[in-house]
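In: got a predicted structure here, sequence first:
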Amino acid sequence: MKRTAVVIGGGLAGLAAATELTTQFRSAGSGESIGEVILIEKNQHLGGKMNVFSEQQYHFDMGPTIITMPEIVRGIIRRSGRRVEDYLELVRLDPQWRCFFEDGVVLDLRDDPAVFAAELDRQFPSAKPGQGYLEFLHYARRMYRLSEKVFFYKDLGGILDMMRKPPKDAGVLGDALRMRMYSTVAGTAHRSITEPHLRQLSEHFLQYVGSSPFLSPAILSLIAAAQGDYGCWYTMGGTRMVARSLERIFVEQGGRVERGVGVRRILVDAGRVTGVELQDGRSISADIVISNCDVQRTYTDLIGTPAAKSAQRAIAAKYEPACSGVVLYLGLNRRYEHLRHNCFLFSKDSNAEFDDIYKRGEPARDPTLYLCVPSATDPSQAPAGCESLYILVHTPYLRAHHDWDAPNGLFDKYRRTILDKLKRFGMEDIEQHIVVERRLTPAGIDRMYNATGGAIYGLASHGKLHGGFKPRNTSSVAKGLYLAGGSANPGPGTPMVMMSGVTAAWSACEGLGIEPDRSATSVGQGATVGKIMATTSLLTGELLDRSEEQQGSESRGEQSCSQIAMTR
Ligand SMILES: Cc1cc2nc3c(=O)[nH]c(=O)nc-3n(C[C@H](O)[C@H](O)[C@H](O)COP(=O)(O)OP(=O)(O)OC[C@H]3O[C@@H](n4cnc5c(N)ncnc54)[C@H](O)[C@@H]3O)c2cc1C
């Protein structure tokens, strides 16, 4: 009998889940699909936050601009039996980031960590911070290796799930013992890195998951290794090409897309999902449902049973939304040659900045700006000699008194702060060169993508014990219900949400009695990790591990539906 799977939401996680299901259904039927997969997206475009808009030949990726851990999307494409190069042209960026500081210092985070360390030593000859950076990276690699063995592509919801299948490999056990569960990412980075500019740079890896490095568990230092060893990538034509590739494969494999119509309810009978009801009144029967809608909204808005509401309350008690953000998209009729593809214009005081966003819940008085300058790599994104400049500022998730969109509201005030900062950093004449201007605000993110609190990255990763975990992909609320996306395991950011979609699809296959093909899942080419780790161990002489024993504890220390949410 043919199975029917419904995926609610065509964000990156939903697309990954739906595409993977079509692959697995075909592989289970030896080329002939054993079921139908229907992807239902309330917006007209697929990709969710990986959205795009174009005006007057200026093209903007509206959401994610940096791709890390590209092996995850490559794995989805390869398992479908296709060649990655037929779908994506991935470019590895060097420098990964150019970082500007208020005191005039400029740091290029180079693609090769050894080159970066050597450049740091030349730039700060008295502090010689290169070795400290490599020490931090060495620790990050251990956390990456640990995660690859026990966490990636596993349907886990917490440390207890992880302990059920403890790692047997001696190296991995050693890594587990060094998780520094009493510490945070910032606490761990600061042990090895004392040079203040480099400290601030190292704290910003956590911005990929919209969380404070001062509140997130040390294991998430792995993000530094994910970028340090496996690169910071751009896909020619815009990062949107990742979503488009998945959409293409999904359709090529016979998947059905329903766009412009939301799911109103997930139908549950006797504790088991039976299908979905759409906002236009239609019902679709299904054996399994994967929800890429925010997990808490899935439970309250789409199910609403006492069990679902209680599951939502348990999540809300444990987690808060990750940060939100404002984006200013500026089409400029000139370019600024001192910028690189990815730039940060840092705040003066990162402690104060993270406190504002993550503790006080107010926009940072002195924010860090992230700039994406795509023409640096891809001239097709703006007219010749011009730039599609993207400026992202992280903000707190929405509070009741935050009115971003009112005339003279929070956004209008912040726009001035942003432009003044751009002017201080070598773009004095920017206001005279703006040809196209749009914005995205936290309220727009909430409305457009149905994201609780306008959170860009689902649930925050705060909390030393549970911060590294998110709700499991297999829901306990109804049989046949699975969860995928930034608010589900393993968490937010483009690589992780695609992994979330794949993991949810595999769990769903198991629920249907199909053993999934789990090939092509090496996230970081394990052999390479081993080699890099050995080299760094020699370099650092395992300094980090020894000082850890001595130390004990430390500081506690193309126009789309996007128009709805965007205003000129
Ligand atoms: C401005 C910005 C910049 C970012 N930069 C980066 C970056 O550089 N690198 C990085 O790794 N990450 C970045 N991120 C984060 C990254 O975009 C997200 O982690 C990821 O795209 C989230 O994917 P998702 O599938 O979980 O959710 P979403 O993209 O939010 O997808 C959820 C989808 O479900 C749909 N939906 C919801 N409810 C329903 C319903 N009831 N019926 C039908 N459909 C529904 C929504 O419309 C949406 O399309 C950024 C995000 C933003 C907004």
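Out: Done, it's in.
In: what comes up buried for stretch 249-256?
Out: Ile249, Phe250, Gln253, Gly255 (16 or more other Cβ atoms under 10 Å). Where you see a C-beta, it was placed from the backbone N, CA and C, and this is true even at glycine.
In: can you give me the neighbour number for the closest residue in space to Leu345 that isn't next to it in sequence?
Out: Leaving aside its sequence neighbours, Leu345 sits nearest to Leu369 (Cβ to Cβ, 6 or more residues apart in numbering; 4.4 Å). Residues lying near Leu369 (other Cβ atoms under 10 Å) number 20.
In: for Asp287, see how far away Leu369 is.
Out: 47 Å (Cβ to Cβ, to the nearest Å).
In: cool, Gly385 as well?
Out: 55 Å.
In: repeat for Ile193
Out: 51 Å.
In: out of the two, which sits in the busier spot?
Out: Each of Ile193 and Asp287 has its neighbours counted (other Cβ under 10 Å); Ile193 has more, 24 against 20.
In: which one is the most centrally placed residue in the chain nearest to, not counting chain neighbours?
Out: Nearest to the geometric centre of the chain sits Gly493, at 0.7 Å (Cα atoms, centre = their mean). Sequence neighbours aside, Tyr208 is the residue nearest to Gly493 in space, at 4.7 Å (criterion: Cβ to Cβ, 6+ apart).
In: so that neighbour makes contact with Thr68?
Out: Yes: taking Cβ atoms under 8 Å as the definition, Tyr208 is a contact partner of Thr68 at 7.0 Å.
In: what do these two both touch?
Out: Shared contacts of Tyr208 and Thr68 (Cβ atoms under 8 Å, 6 or more residues apart in numbering): Ile223, Gly493.
In: beta partners of Leu90?
Out: Thr235 (DSSP bridges).
In: picking up where we left off before, including secondary structure, pLDDT and distance to Ile34, could the buried residues of stretch 249-256 go into TSV?
Out: Shown next, in TSV, are the buried residues of stretch 249-256 (DSSP: H, G, I helix; E, B strand; the rest coil; pLDDT from 0 to 100; distance: Cβ to Cβ, whole Å):
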residue	secondary structure	pLDDT	distance to Ile34
Ile249	helix	98	18
Phe250	helix	98	16
Gln253	coil	98	12
Gly255	coil	98	14
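In: tell me which two in the residues you listed are the farthest apart.
Out: Ile249 and Gly255 (8.5 Å; Cβ to Cβ).
In: which neighbours do those two have in common?
Out: Contacts common to Ile249 and Gly255, judged by Cβ under 8 Å, 6+ apart, are Thr19, Thr22.
In: kindly report the residues of this protein close to the ligand.
Out: 8-14, 40-43, 48-50, 63-66, 208, 262-263, 292-293, 325, 327, 392, 445, 449-451, 456-457, 485-486, 492-494, 497 (Cβ under 6 Å from any ligand atom).
In: 5 Å - rerun?
Out: Counting by Cβ under 5 Å from any ligand atom, the chain comes close to the ligand at 9, 11-13, 41-43, 48-49, 63-66, 262-263, 292-293, 327, 449-450, 456, 485-486, 492-494, 497.
In: please verify my assumption that Ile434 contacts Tyr329.
Out: No: between Ile434 and Tyr329 there is no contact under Cβ under 8 Å: 10.3 Å.
In: these two: who's more crowded?
Out: Tyr329 (22 against 14).
In: assign that one to helix, strand or coil.
Out: strand (DSSP: H, G, I helix; E, B strand; the rest coil).
In: separation between it and Val435?
Out: 11 Å.
In: what of Arg415?
Out: Distance from Arg415 to Val435, by Cβ to Cβ: 16 Å.
In: cool, Thr23 as well?
Out: Counting by Cβ to Cβ, the gap from Thr23 to Val435 is 43 Å.
In: ok, the residue lying closest to Glu437 once chain neighbours are set aside - contacts?
Out: Take Glu437 and drop its neighbours on the chain: the residue closest to it by Cβ to Cβ, 6+ apart is Leu330, 5.7 Å away. Taking Cβ under 8 Å, 6+ apart, we find Leu330 in contact with Glu387, Ser388, Leu389, Tyr390, Ile391, Ile430, Ile434, Val436, Glu437.
In: who wins for neighbours among the residues you listed?
Out: Leu389 (28 neighbours).
In: so where does that one fall, helix or strand?
Out: strand 387-395 (DSSP states H and E).
In: show me the contact partners of the helix or strand just after that strand.
Out: Sequence-wise, the next helix or strand downstream of strand 387-395 (DSSP H and E) is helix 410-424. Residues outside helix 410-424 that contact it (Cβ under 8 Å, 6+ apart): 102, 326, 328, 345, 363, 367, 369, 391, 393, 395, 402-405, 430-431, 439, 441.
In: how about the host helix or strand of Glu119: buried residues?
Out: Per DSSP H and E: Glu119 is located in helix 113-123. Buried residues in helix 113-123, defined by neighbour count with 16+ other Cβ under 10 Å: Pro113, Phe116, Ala117, Glu119, Leu120, Gln123.
In: got the contact list for the fifth one?
Out: Right, the one you point to is Leu120. Leu120 neighbours (Cβ under 8 Å, 6+ apart): Leu107, Lys128, Pro129, Gly130, Tyr133, Glu195, Leu198.
In: at 6 Å instead, please
Out: Pro129, Gly130 (Cβ atoms under 6 Å, 6 or more residues apart in numbering).
In: any idea how far it lies from Ile315?
Out: For Leu120, the distance to Ile315 - Cβ to Cβ - is 41 Å.
In: likewise Thr194?
Out: Taken as Cβ to Cβ, the span from Thr194 to Ile315 is 38 Å.
In: over to Gln131?
Out: 42 Å.
In: what do you get for Gly444?
Out: Distance from Gly444 to Ile315, by Cβ to Cβ: 24 Å.
In: so for these two, which residue has more residues nearby?
Out: Ranked by neighbour count (other Cβ under 10 Å), Gly444 and Ile315 place Gly444 first, with 23 against 15.
In: which SSE is immediately downstream of the host helix or strand of Leu134?
Out: Assigned by DSSP H and E, Leu134 falls within helix 130-150. Later in the chain than helix 130-150, the nearest helix or strand by DSSP H and E is helix 159-164.
In: now do the buried residues in that next one.
Out: Asp161, Met162.
In: and it, what does it pack against?
Out: On a contact count with 3 or more Cβ pairs under 6 Å, 6 or more residues apart in numbering; DSSP states H and E, helix 159-164 meets no helix or strand.
In: show me the contact partners of it.
Out: Contacts of helix 159-164 (Cβ under 6 Å, 6+ apart): Val150, Leu156.
In: can we see that at 8 Å?
Out: For helix 159-164, using Cβ under 8 Å, 6+ apart, the contacting residues are Val150, Phe151, Lys154, Asp155, Leu156, Leu465, His466, Phe469, Arg472.
In: most neighbours out of those residues, which is it?
Out: Going by other Cβ under 10 Å, Phe469 tops those with 25 neighbours.
In: ok, which stretches of the stretch 201-350 of the chain are strands?
Out: Here the stretch 201-350 of the chain has its strands, by DSSP state E, counting those that start in this stretch, at 233-235, 256-259, 263-269, 272-278, 283-285, 288-291, 324-332, 342-345.
In: can I assume Gln131 is in contact with Ala117?
Out: Yes: the criterion here is Cβ under 8 Å, and Gln131 meets it with Ala117 at 7.0 Å.
In: filter the contacts of helix 410-424 to the buried ones?
Out: 326, 328, 345, 363, 367, 369, 391, 393, 395, 402, 404-405, 430, 439, 441.
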